[in-house]
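here is my input; please provide its structure:
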Amino acid sequence: MRRNLRFRRIFGLCSVLLLNACGSGTAEVASPDAAESATEPTPPAESAAASVPSAAKQDSAEVEVPSTCETKGKACLPNATFVKKFCQNVHPDIALAFFKKGTPFTRGYLKGNTDAFNGYGGVSSGDKLVFDEEVIVLSTRENTTGIEVSGAGGQYDLLRWDGSCATVPMADVTFSVPPAPKTPRLDWKVLSDELQAALLNNAEIAKINKERRSECKGASMGDVSKKCVKLVDQLSTAVVNYVRTGDGTIPVPAKVK
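Numbering: from 1, shown residues only. Next up, the predicted model:
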């Protein structure tokens, strides 16, 4: 009896030891796939991103602002790469540089009032284009359908004085200069500090701006006095007249973002 009991104890102990040994061995052996993936280096995030250029990166690229134009028919237009980038946003500084007297870009004038639709899908002005408004032709959109609508053979993409783009039928634009070309109101506060400093070298602009700041007290719309509104309009007109005369320097940004 004692021998049987001792034998059972020894047999049981050996069984436990064997089971533990087998279990620990299984846990320590890794599969070939796991070992390969563990030793394979993970590619850096930058390399992966660089291999697949995204549209967002391409759209964020800066484009040089042209000082010359390309002839297309009777019009002299900025290059297409610039126009596509420019019309994604509003650029008042560049607009004043383009409208300055002596620049080669083709001017046009509206035959009537129309909505300020931006054919490039970018930001557009909330102010309608008005009869006799002066614009610069940025590009043309030819009618490729062969169907004539109200005599319109295509569309023009236009630059407005406020720095926004608008797309209108070609039939809505004339190149005959009206007696008094119109412009949308210019917002002084959206002009860059560099451009404001250049404009303030003109005595009339500096005088009106000083009166505007004193009367409007930092506001130009909403609950403001009639005198404030009048001074805002006068400042806009003074800037337009200054740009049209070609006197003084209008800083031109090197690139459009």
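
so which residues make contact with stretch 186-202?
90, 92-93, 96, 161-163, 205-206, 209, 212, 220, 232, 235-236, 238-240, 242, 247-251, 253 (Cβ atoms under 8 Å, 6 or more residues apart in numbering). For glycine as for every other residue, the C-beta is placed from the backbone atoms N, C-alpha and C.

next: stretch 235-253.
Applying Cβ under 8 Å, 6+ apart, the contact partners of stretch 235-253 are 65, 67, 91, 93-94, 96-97, 99-102, 161, 183, 185-188, 192, 194-195, 198-199, 201-202, 204-205, 208-209, 212.

just those: which are in helices?
Applying DSSP state H to the contacts of stretch 235-253, the entries found in helices are 93-94, 96-97, 99, 194-195, 198-199, 204-205, 208-209, 212.

with distance to residue 61 as added columns, please give the residues you listed in a markdown table.
Output for the ones in helices among the contacts of stretch 235-253, formatted as a markdown table (distance: Cβ to Cβ, whole Å):
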| residue | distance to residue 61 |
| --- | --- |
| 93 | 19 |
| 94 | 17 |
| 96 | 24 |
| 97 | 21 |
| 99 | 26 |
| 194 | 23 |
| 195 | 24 |
| 198 | 28 |
| 199 | 30 |
| 204 | 40 |
| 205 | 35 |
| 208 | 39 |
| 209 | 36 |
| 212 | 38 |
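
can you give the domain ranges for the chain?
Per automatic domain parsing, the structural domains of the chain span 63-174, 188-256.

distance between the longest one and the chain's centre?
When C-alpha coordinates are averaged (Cα atoms, centre = their mean, to the nearest Å), domain 63-174 and its chain have centres 16 Å apart.

next one: the shortest one
Relative to its chain's centre, domain 188-256 lies at 24 Å (Cα atoms, centre = their mean).

ends of that domain, what's the gap?
In terms of Cα to Cα, to the nearest Å, the two terminal residues of domain 188-256 are separated by 20 Å.

check the longest one too.
Terminal residues of domain 63-174 are spaced 30 Å apart (Cα to Cα).

which regions of the stretch 51-200 of the chain sit below the pLDDT cut-off?
The stretch 51-200 of the chain contains residues with pLDDT under 70 at 51-60, 143-152.

would you map the strands across it?
Assigned strands in the stretch 51-200 of the chain, in chain order: 63-64, 70-72, 75-77, 107-110, 134-142, 154-159, 165-169, 173-174 (criterion: DSSP state E, counting those that start in this stretch).

make TSV out of those and add distance to residue 120 and mean neighbour count.
Listed next are the strands of the stretch 51-200 of the chain as TSV, based on distance: least, Cβ to Cβ, whole Å; neighbours: other Cβ atoms under 10 Å:
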stretch	distance to residue 120	mean neighbour count
strand 63-64	13	14
strand 70-72	17	11
strand 75-77	14	19
strand 107-110	18	20
strand 134-142	9	20
strand 154-159	7	22
strand 165-169	6	23
strand 173-174	17	16
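
what's the closest of these to residue 257?
Nearest to residue 257, of all those, is strand 63-64, at 8.4 Å by Cβ to Cβ.

show me the contact partners of that closest one.
Taking Cβ under 8 Å, 6+ apart as the rule, strand 63-64 contacts 81-82, 85-86, 254-256.
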